[in-house]
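> Got a sequence here, can you model it:
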Amino acid sequence: MKSVTQSLFAFAVLAGVAVSGASAFAAEVKGAAPSDPALVEKIRQSNAACYGCHTEQGLKAPPRADLDLEKLRQLVHDPAQFDASNHAGMECTVCHGQGYKAFPHAAGAKQSISECGECHATKALRIETQFEASVHAKNFKEQFTCRTCHDPHAFRVAAKLGDPHKIVAQDNAMCVGCHNSDLRFALFSASVTPQKVRPDLDTLHAWLPNTRLHWQAVRCIECHTPTSPVKSLGMSHEILGKDKAEKNCVTCHSQETALATRLYRFAAENGTADLGFANAAILDSAYVVGATRNPIVDRTVGVLFGLTVAVLLGHGALRIALALIRRRRSS
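Predicted coordinates for the structure are as follows:
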């Protein structure tokens, strides 16, 4: 992770760029497609040159004979996926640098690739503090970058994805990509002595009922992160190990469910007709025992149950009384 000093320096550089009036760059940094048609076309043409090689089509029909196809195979991206990502509308060279403008790429061009903190400086300063307390920083601090989890060519923030099912699928793929792969896990654990063996996820989560269903319905980070004190950051980047992770089912399965401020935060902010249901925004996508209850229905069912019991007891008492009366008369 970038140090605080480096992040501050990056922030100062960005501030200077903003003051200089580089509006085109600023538009791209925000990840929003610029409104200037000429700039849009410039970006399209520039990125098309990159896509000429770095796509499946470029791999199948290389535009040049001197390409290292085995190396290129590891550097293929999906233009449609990028255009739907948070970085849509940005020119590839904004992050990759001018050294990649032509082929062969300039010597040392890889070292000039921008770090995320150079654009996301304000958040990076706060996220770094959270990461420092993360279980990932304990053994793998120097190996982790933002890109370890967040693919800059595909990642979409939860607010942009909207659908909780899509959010879960994207975010959990980041976690299981390493924690369910011996190969990926070994890439990081190789630096630890003695080398750690990847623990079995099902064994670790044996305490959790319907484990697989939970993984399809909620994110790993619902339990493996504390609540972030900074609302604008959303989820905290302090990943908790198994000893500190949430194991109290009531945290989610209650009327004060944590899901309302986590996975369903944006749905809750947009609002929905509650029809008497608690956490109605969650009910739009899932039924969560204890969280999506309807107090009116609960009370109605309670009253009906009470009346049913009263009728049964009354009926039983009446039959006993009548039986006693008949016995006395017959005697």
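> Name the SS class of residue 245, please.
Classification of residue 245 by DSSP: H, G, I helix; E, B strand; the rest coil places it in coil.
> Give me the nearest residue to residue 266, chain neighbours excluded.
Excluding the flanking residues, the one nearest residue 266 by CB to CB, 6 or more residues apart in numbering is residue 159, at 5.1 Å. Every C-beta, even on glycine, is put in place using the N, C-alpha and C of the backbone.
> Mind giving me the packing neighbours of the helix or strand hosting the one you found?
According to DSSP states H and E, residue 159 maps onto helix 158-161. Judged by 3 or more CB pairs under 8 Å, 6 or more residues apart in numbering; DSSP states H and E, the packing partners of helix 158-161 are helix 164-179, helix 265-270.
> So for residue 223, which of those helices sits nearest?
helix 164-179 (11.1 Å; CB to CB).
> Tell me the buried residues in the next helix or strand after that closest one?
Next in sequence after helix 164-179, counting helices and strands by DSSP H and E, comes helix 182-189. Buried residues in helix 182-189, counted by 16 or more other CB atoms under 10 Å: 185, 188-189.
> So which bits of stretch 56-74 are buried?
For stretch 56-74, a neighbour-count test (16+ other CB under 10 Å) marks residue 58 as buried.
> What is the end-to-end distance of it?
End-to-end distance of stretch 56-74 (CA to CA, to the nearest Å): 11 Å.
> what does it rub up against?
Contacts to stretch 56-74, defined as CB atoms under 8 Å, 6 or more residues apart in numbering, come from residues 51-54, 76, 78, 103.
> Which of those residues fall in helices?
residue 51 (DSSP state H).
> which one among the contacts of stretch 56-74 gets closest to residue 251?
residue 78 (36.8 Å).
> Filter the contacts of stretch 56-74 down to the buried ones and express that as a ChimeraX selection.
For the buried members of these, the matching ChimeraX selection, counting by 16+ other CB under 10 Å, is:
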select :51,53,54
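> Just give the closest residue to the spatially most central residue of the chain, not the sequence neighbours.
Taking CA atoms, centre = their mean, the centroid of the chain lies closest to residue 171, which sits 3.6 Å from it. Excluding the flanking residues, the one nearest residue 171 by CB to CB, 6+ apart is residue 219, at 4.6 Å.
> What strand or helix carries the one you found?
Using DSSP H and E, residue 219 maps to neither a helix nor a strand.
> who's in contact with it?
Residue 219 neighbours (CB under 8 Å, 6+ apart): 167-168, 171-172, 262-263.
> ditto for residue 245
By CB under 8 Å, 6+ apart, residue 245 lies in contact with 223-224.
> do the same with residue 220
171-172, 175-176.
> what's the offset of the helix holding residue 159 from the middle of its chain?
Once both centres are worked out by CA atoms, centre = their mean, to the nearest Å, helix 158-161 turns out to sit 9 Å from its chain's centre.
> same question, stretch 168-179
8 Å.
> So which of the contacts of stretch 56-74 are in strands?
Judged by DSSP state E, the contacts of stretch 56-74 include no members of strands.
> Can you pull out the low-pLDDT segments for the stretch 101-250 of the chain?
Scanning the stretch 101-250 of the chain for pLDDT under 70 picks out the ranges 228-233.
> How much space separates residue 181 from residue 201?
11 Å (CB to CB, to the nearest Å).
> what about the two, which has more around it?
Between residue 181 and residue 201, counting by other CB atoms under 10 Å, residue 201 is the more crowded of the two (16 against 12).
> so who does the more buried one touch?
Contacts of residue 201 (CB under 8 Å, 6+ apart): 176, 179-180.
> Please repeat the previous calculation with a cut-off of 6 Å.
By CB atoms under 6 Å, 6 or more residues apart in numbering, residue 201 lies in contact with residue 180.
> could I get stretch 169-183 in PDB with only the CA atoms?
Listed next in PDB are the C-alpha coordinates belonging to stretch 169-183 (Å, rounded to 0.1, in the frame of the first residue of the first chain):
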ATOM      1  CA  ALA A 169     -21.500 -11.800  -6.900                       C
ATOM      2  CA  GLN A 170     -18.800  -9.200  -7.700                       C
ATOM      3  CA  ASP A 171     -17.500  -8.600  -4.100                       C
ATOM      4  CA  ASN A 172     -17.500 -12.300  -3.100                       C
ATOM      5  CA  ALA A 173     -15.600 -13.200  -6.300                       C
ATOM      6  CA  MET A 174     -12.700 -11.000  -5.000                       C
ATOM      7  CA  CYS A 175     -12.500 -13.000  -1.700                       C
ATOM      8  CA  VAL A 176     -13.000 -16.500  -3.000                       C
ATOM      9  CA  GLY A 177     -10.700 -15.800  -5.900                       C
ATOM     10  CA  CYS A 178      -7.800 -16.300  -3.400                       C
ATOM     11  CA  HIS A 179      -9.400 -18.100  -0.500                       C
ATOM     12  CA  ASN A 180     -10.800 -20.800  -2.700                       C
ATOM     13  CA  SER A 181      -7.800 -21.200  -4.900                       C
ATOM     14  CA  ASP A 182      -4.700 -23.100  -3.800                       C
ATOM     15  CA  LEU A 183      -2.700 -21.400  -6.600                       C
END
